[in-house]
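Student: 3D model of this:
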Amino acid sequence: MKRGKLIVFAAPSGAGKTTIVHHLLGIPELNLEFSISAASREKRGNEVDGKDYYFLSPTDFRQKIKNKEFLEWEEVYPENYYGTLQTEVDRICDAGKNVIFDIDVVGALRIKRKFPEETLTVFVEPPHINELIVRLKNRKTESQEKINMRIAKAPAEMANAPQFDVRIMNDDLDKAKAEAERIVAAFVGIEKA
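Tutor: Numbers count the residues shown, from 1 in each chain. All right, here's what the predicted structure looks like:
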């Protein structure tokens, strides 16, 4: 059976990567399945364990790191770990599906280094840092302190954009979705008009 390809989306918080990934998941011919990340943070709103993230305690997360169970992981903020479980990727690839990721910048580049031929990295760029602030505040899911932490990290994340295979500017969501669809279709070998 042919193993699936890896399509990795990363961006600063608020750039729109999750919205674009959800759009792509709704296109059956792309044969995509979402790689559910593990996270040690608290659930937000209506998030569901095993659907949005595999929620782990920081202690459990560190144990899985020690056991080498992650394809990639990062302590994104103090005591807030995020990572991709190897078993999650194997499950999707073994089913003949293409894996789509919505992860942090460092994790995206680690996956690309491990699987350079099978991986497409896509960086979603915001039109401006001020736009990130507006988008994060409009979410109404996090405290001002958490928003400030995410914004403080954005310049370093954006500095890594040139290392990605493709960059998509998200200043017009419909245009960004269409561009992502075209790029991913080409990578998985499907002709899109």
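Student: so, low pLDDT: which residues of this structure?
Tutor: In the predicted model, the chain carries pLDDT under 70 at residues 1-2, 132-133, 135, 140-141, 191-193.
Student: center of it - which residue?
Tutor: The centroid of the chain falls nearest to Asp102 when counting by C-alpha atoms, centre = their mean (1.4 Å).
Student: which one is that one nearest to, not counting chain neighbours?
Tutor: Closest residue to Asp102 apart from its sequence neighbours, by C-beta to C-beta, 6 or more residues apart in numbering: Val21 at 4.6 Å. Using the backbone N, CA and C atoms, a C-beta is placed for each residue, glycine as well.
Student: residues near the one you found, how many?
Tutor: Neighbour count for Val21, taken as other C-beta atoms under 10 Å: 21.
Student: and it, helix, strand or coil?
Tutor: When classified by DSSP: H, G, I helix; E, B strand; the rest coil, Val21 comes out as helix.
Student: quick check: it touching Ala10?
Tutor: No: counting by C-beta atoms under 8 Å, Val21 stays clear of Ala10, with 10.4 Å between them.
Student: what sits in contact with each of these two?
Tutor: Here Val21 and Ala10 have Asp102 as joint contacts, going by C-beta atoms under 8 Å, 6 or more residues apart in numbering.
Student: show residues contacting the host helix or strand of Gly83.
Tutor: Assigned by DSSP states H and E, Gly83 belongs to strand 80-85. In this structure, residues lying in contact with strand 80-85 by C-beta under 8 Å, 6+ apart are 35, 37-41, 54, 56, 58, 61-62, 64-65, 69-76, 101, 103-104, 107, 111.
Student: ok, now stretch 56-71?
Tutor: Residues outside stretch 56-71 that contact it (C-beta under 8 Å, 6+ apart): 38-40, 73, 79, 81, 83-87, 89, 110-111, 114.
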